[in-house]
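S.K.: got a predicted model here, sequence first, then my questions.
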Amino acid sequence: MSTLKARLTRCAAALGLLLTAVACGTGPRNDRLTVMVPWSGAEFQAFYSVIRTFEEDTGIQVDMEVTRAQTQQLDAAVAAGAPPDLAVLPSVGALDRYAQGGRLQPLGDAITEDYAQPFRGLGTVDGQVYAVPVKADVKSLVWYNPAVTREPPPTTLPALRALSREAPKTWCLGLASGPTSGWPGADWIADILLSQSGTDAYRDWLSGDLEWKSPQVSAAWKAWRSIVADSVQDASVRKFTDAAKGMSTEPPTCSLGHGTLSAMGFPSSAAAGTAYDFVTSAPEPARRLEVSADFVGRFTKNPNAAELITYLSSAEAQRTWVNQPGGYGFSADGQVLPAQYRNAAQRRIATMLRPESGYTLCFSAADAMTPDLSAAFYRAVLDYSADKSLLPDLLKGLDEVQADRGESPVPPDGLCAPPS
């Protein structure tokens with residue numbers, strides 16, 4: 001066991017939803033820094049392996065603060081004047097709020113010069129780079145177990161509806177996820193809107209020019225409810241992580257999943273293409289994908305934080321990170337090539353993030369909203385999953401929240417772009 005891991009094991013203490021891993025050893029204060037992250041399990045271990053290399057190379061001690069209640073914990077730390085040196089930001093909306101409030105430290109343009117659009121521009125506020133997209137994901141994916149589902153699932157909405165009617169409880173659907181419960185449905189609804197109505201409608205919706213109660217947005221909600229069909233029963237209280245594992249159990253309890261590879265919970269020992277495979281949920285010829293990223297921002301002037309964030313954004317660290325067992329991450333850095341991914345599924349997905357893919361990448365809708373609006377979106381998904389008759393009132397309420405709390409902080413022309 002590594003020295004830092006031993007310290008973390010000795011010192012870890014649970015307090016509500018927060019797990020703060022604090023290094024107990026002594027040492028000069030100027031050789032330390034703190035990083036707050038929302039990851040657990042294999043995702044955390046993948047990140048931690050990169051951190052260990054940084055510690056060994058620099059002698060700087062990294063103290064990890066791990067919390068599933070990222071928004072609440074980070075807000076509380078910032079309000080108390082005791083923020084971590086670095087933090088994974090819960091959304092672009094939060095990034096914008098912290099930057100506008102003078103809480104984030106600018107990073108300089110060179111740190112993201114090799115990153116692809118739309119990821120590169122999303123860490124920029126008023127012309128200054130405040131955060132780096134250290135981990136990317138593709139959300140417009142439908143996963144299946146080839147041993148159970150012999151043929152790849154269909155990608156058109158009518159065919160998916162028919163499949164759900166023929167096979168009850170087809171989907172590995174769970175919406176419970178702590179303070180952000182509802183996000184799996186929100187991602188899927190945004191994905192359907194993008195697929196059905198295109199990038200212009202997607203941009204207009206997030207900018208407030210297309211109402212939530214518009215025919216296009218309303219149709220996306222209804223399409224989601226019709227696709228998940230009976231799988232929605234009890235989904236509001238079923239943990240997303242537990243539901244996703246249903247595809248890998250013996251026997252499987254469900255056969256299809258929607259979302260990112262990292263969210264599916266496939267064990268690192270499972271072979272891509274044999275134990276799991278995917279199709280895009282964007283039928284041809286649309287070639288539009290909903291993508292996301294985890295951004296890291298700097299909250300203090302600790303020079304060690306600047307050194308770590310430069311390292312995390314380097315091609316070397318990114319290559320190490322994406323190849324950690326079970327982490328299933330992706331890099332937005334153009335220097336990290338698909339052929340450098342060891343996992344076959346990751347290689348195929350990484351190809352979609354390349355300029356030659358022909359895809360248009362649109363950033364995750366909920367992550368591009370103001371924090372209040374995204375929270376209302378998640379809550380509405382939970383309510384709608386329990387009672388579909390509530391939809392008109394829920395969409396009316398979301399229009400009111402958007403009118404009161406403002407449009408997306410991301411300019412419309414920055415939401416969607418071909419990778420470049």
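M.R.: Yep, that arrived. Numbering: from 1, shown residues only.
S.K.: give me phi/psi at residue 202?
M.R.: In terms of degrees, to the nearest 10, the main-chain angles of residue 202 are phi -60, psi -50.
S.K.: verify the stated contact: it with residue 361.
M.R.: No - if you go by Cβ atoms under 8 Å, residue 202 and residue 361 don't touch, sitting 11.5 Å apart. From N, CA and C alone the C-beta is placed, and that goes for glycine too.
S.K.: intersection of neighbour lists for these two?
M.R.: Residues touching both residue 202 and residue 361 (Cβ atoms under 8 Å, 6 or more residues apart in numbering): residue 416.
S.K.: so between the two, which is more surrounded?
M.R.: residue 202 (30 against 25; other Cβ atoms under 10 Å).
S.K.: need the contact list for that one.
M.R.: 190, 193, 194, 362, 365, 415, 416.
S.K.: ok, so of the residues you listed, who is nearest residue 80?
M.R.: residue 365 (31.0 Å; Cβ to Cβ).
S.K.: which helix or strand contains the residue lying closest to that closest one once chain neighbours are set aside?
M.R.: Excluding its sequence neighbours, the residue lying closest to residue 365 (Cβ to Cβ, 6 or more residues apart in numbering) is residue 190, at 3.7 Å. Counting by DSSP states H and E, the element that carries residue 190 is helix 183-207.
S.K.: for residue 376, same thing?
M.R.: Assigned by DSSP H and E, residue 376 falls in helix 371-386.
S.K.: distance from that helix to the middle of the chain?
M.R.: The chain centroid and the centroid of helix 371-386 are separated by 17 Å under Cα atoms, centre = their mean, to the nearest Å.
S.K.: who's residue 360 bridged to?
M.R.: residue 288 (DSSP bridges).
S.K.: please save the CA atoms from stretch 223-237 in CSV.
M.R.: This file holds the C-alpha atoms of stretch 223-237, laid out as CSV (Å, rounded to 0.1, in the frame of the first residue of the first chain):
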residue,chain,number,x,y,z
ALA,A,223,-40.7,10.4,-25.6
TRP,A,224,-38.5,9.6,-22.6
ARG,A,225,-41.4,8.5,-20.6
SER,A,226,-42.7,6.3,-23.4
ILE,A,227,-39.3,4.7,-24.0
VAL,A,228,-38.6,3.8,-20.3
ALA,A,229,-42.2,2.5,-20.0
ASP,A,230,-42.5,0.1,-17.1
SER,A,231,-38.8,0.5,-16.1
VAL,A,232,-39.7,3.8,-14.5
GLN,A,233,-41.6,2.0,-11.7
ASP,A,234,-39.7,2.9,-8.4
ALA,A,235,-36.9,4.5,-10.4
SER,A,236,-37.1,7.7,-8.3
VAL,A,237,-35.9,5.7,-5.3
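S.K.: show residues contacting it.
M.R.: Contacts of stretch 223-237 (Cβ under 8 Å, 6+ apart): 157, 160-161, 164-165, 168-176, 181-182, 185, 188-189, 192, 196, 243, 254, 382, 384-386, 388.
S.K.: change it to 6 Å
M.R.: Contact partners of stretch 223-237, identified using Cβ atoms under 6 Å, 6 or more residues apart in numbering, comprise 157, 160-161, 164, 168-171, 173-176, 188-189, 192, 382, 385-386, 388.
S.K.: so who does the residue positioned nearest the centre of the chain touch?
M.R.: What sits nearest the mean C-alpha location of the chain, by Cα atoms, centre = their mean, is residue 292, with 5.1 Å. For residue 292, the contact set (Cβ under 6 Å, 6+ apart) comprises 137, 139, 364, 367.
S.K.: for residue 329, see how far away the closest residue to the last one other than its chain neighbours is.
M.R.: Same thing as residue 367. Closest residue in space to residue 367, ignoring its immediate chain neighbours: residue 91 at 4.5 Å, by Cβ to Cβ, 6+ apart. For residue 91, the distance to residue 329 (Cβ to Cβ, to the nearest Å) stands at 18 Å.
S.K.: repeat for residue 192
M.R.: From residue 192 to residue 329 the distance is 25 Å (Cβ to Cβ).
S.K.: same deal with residue 218?
M.R.: Distance from residue 218 to residue 329, by Cβ to Cβ: 35 Å.
S.K.: counting neighbours, go ahead and name the busier of those two.
M.R.: residue 329 (24 against 16).
S.K.: correct me if wrong: the more buried one contacts residue 135.
M.R.: Yes - using Cβ atoms under 6 Å, residue 329 makes contact with residue 135 at a distance of 4.7 Å.
S.K.: can you pull out the helices in the stretch 101-250 of the chain?
M.R.: 119-122, 157-166, 183-207, 215-228, 240-244 (DSSP state H, counting those that start in this stretch).
S.K.: could you do the stretch 301-420 of the chain as well?
M.R.: Under DSSP H, counting those that start in this stretch, the stretch 301-420 of the chain gives helices at 303-312, 315-322, 344-352, 365-368, 371-386, 391-405.
S.K.: low-confidence stretches in the chain?
M.R.: 1-29 (pLDDT under 70).
S.K.: what residue spans form the domains of it?
M.R.: As given by automatic domain parsing, the domain ranges for the chain are 3-136+293-353, 141-290+361-417.
S.K.: alright, that wraps it up for me.
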